[in-house]
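Novice: Structural data only, the sequence is not supplied:
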Ligand SMILES: Cc1cn([C@H]2C[C@H](O)[C@@H](COP(=O)(O)OP(=O)(O)O[C@H]3O[C@H](C)C(=O)[C@H](O)[C@H]3O)O2)c(=O)[nH]c1=O
């Protein structure tokens, strides 16, 4: 695996080393030892899947606040998505900065999003699925969100969403009272 740094401190694109032979290819997509050596979360007590039928579906940007702030390792298991990590850690050198990667199921790449960052994505084609490995279990009372088009972040999405949930569309403008 190759870890590629991004503009968000601690957020890495994880690129697999595909071992090809006459049958096809094989690659390691996660290794606790390798992730720990890279300083990344290496224990993921919960995994999730997200299915999205249509191009232009936007989910997020979501995060859980302190005591259950979670790191996420996300990959497209079908299709291609524009995937975003947004830094909401006031003490981070990249506070309020964002980083994006095109997750492509054909390339088997992944995005590691550290705790304290919000995560969201926009599907780039029909029939996209995302697989998540998450370092904390779900805590609905500690789940928070910020809006995809909040001027505080100016995220350069490739195009505006066609499909977005009401909750995601209605988050108020960001204020730095957000408690992580
Ligand atoms: C996250 C989660 C949700 N749920 C339930 C709560 C809702 O009834 C339903 C859908 O949840 P939500 O609307 O939060 O799903 P998304 O809008 O796809 O949000 C997800 O995608 C964005 C981009 C993320 O980064 C988050 O990890 C995740 O919240 O599943 C659970 O039962 N367990 C869970 O761990």
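Specialist: Looks like it arrived, so ask away. Everything quoted here is computed from the prediction, not taken from an experiment.

Novice: could you list every residue that touches residue 63?
Specialist: 69, 70, 88, 116, 117, 118, 119, 143, 144, 145, 180 (C-beta atoms under 8 Å, 6 or more residues apart in numbering). All C-beta spots, glycine's among them, are computed from the backbone N, C-alpha and C.

Novice: ugh, typo on my part, it should be residue 87
Specialist: 8, 9, 11, 94, 95, 96, 97, 98, 116, 117.

Novice: how many neighbours does residue 93 have?
Specialist: 9 (other C-beta atoms under 10 Å).

Novice: nearest residue to it other than its sequence neighbours?
Specialist: In space, and not counting its chain neighbours, residue 93 is closest to residue 9: 5.5 Å by C-beta to C-beta, 6 or more residues apart in numbering.

Novice: confidence score at the one you found?
Specialist: At residue 9, the model reports a pLDDT of 98.

Novice: Which phi and psi values does it adopt?
Specialist: phi -60, psi 130 (degrees, to the nearest 10).

Novice: what about the closest residue to residue 13 other than its chain neighbours, helix or strand, and which?
Specialist: Spatial nearest neighbour of residue 13, excluding adjacent residues (C-beta to C-beta, 6+ apart): residue 4 at 4.1 Å. Assigned by DSSP states H and E, residue 4 belongs to strand 2-5.
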